[in-house]
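Colleague: Take a look and give me a structure for this.
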Amino acid sequence: MTTVDERRFYISDMDIRMANIHLQFRERMKELSIGKVELEILELIDEGVRTSSKIAEALDKNVNSISTQLKRLRGKGYVCRRQTHAESGGIEFIYHNIYEQNNSIKGL
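Modeller: As a prediction, this is how the structure comes out:
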């Protein structure tokens, strides 16, 4: 019978690399996760509600809060935007589902 002191555990280089890959994968999955409001925003964009002001109105939320959520979604790669002129005279961003944008670029 062996005692705890006699046991030796060996970790190979491959084990270390695999543990690191799994850690990076878990961290990236956490970065890409979306919350309830972000999901609602994506659904509205799919339904054709494309500006932060219209999305905020539909969700009864503050425009600044929605703009922050859209920035996060854009950073995660879920949406893209294009700049247009707003009716108020300023600039406005129109948001699109990233898949929709890719299909329109390819002419699909």
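Colleague: which residue is nearest the centroid of the chain?
Modeller: residue 76 (3.1 Å; CA atoms, centre = their mean).
Colleague: Verify the stated contact: that one with residue 29.
Modeller: No. Contact criterion CB atoms under 8 Å: residue 76 and residue 29 do not qualify, at 11.2 Å. C-betas here are computed from N, CA, C, even on glycine.
Colleague: circling back to that earlier point, what residues does the residue nearest to the centre of the chain make contact with?
Modeller: Contacts for residue 76 (CB atoms under 8 Å, 6 or more residues apart in numbering) come out as 31-32, 34.
Colleague: residue boundaries of the helices in this structure?
Modeller: Per DSSP state H, the chain carries helices over the ranges 13-32, 36-46, 52-59, 63-76, 98-106.
Colleague: which one of these lies closest to residue 86?
Modeller: Taking CB to CB, helix 52-59 is the member of the helices of the chain nearest to residue 86, at 8.8 Å.
Colleague: what distance separates the closest one from the centre of its chain?
Modeller: Remark: helix 52-59 is offset 19 Å from the chain centroid, using CA atoms, centre = their mean, to the nearest Å.
Colleague: Burial check on residue 97, number of neighbours?
Modeller: Neighbour count of residue 97, defined by other CB atoms under 10 Å: 16.
Colleague: where are the low-confidence patches of this protein?
Modeller: Applying pLDDT under 70 to the chain picks out residues 1-12, 14-19, 101-108.
Colleague: thinking again about what came up before, out of the helices of the chain, deepest packed?
Modeller: Highest mean neighbour count of the helices of the chain: helix 52-59, a mean of 18 (counted as mean count of other CB atoms under 10 Å).
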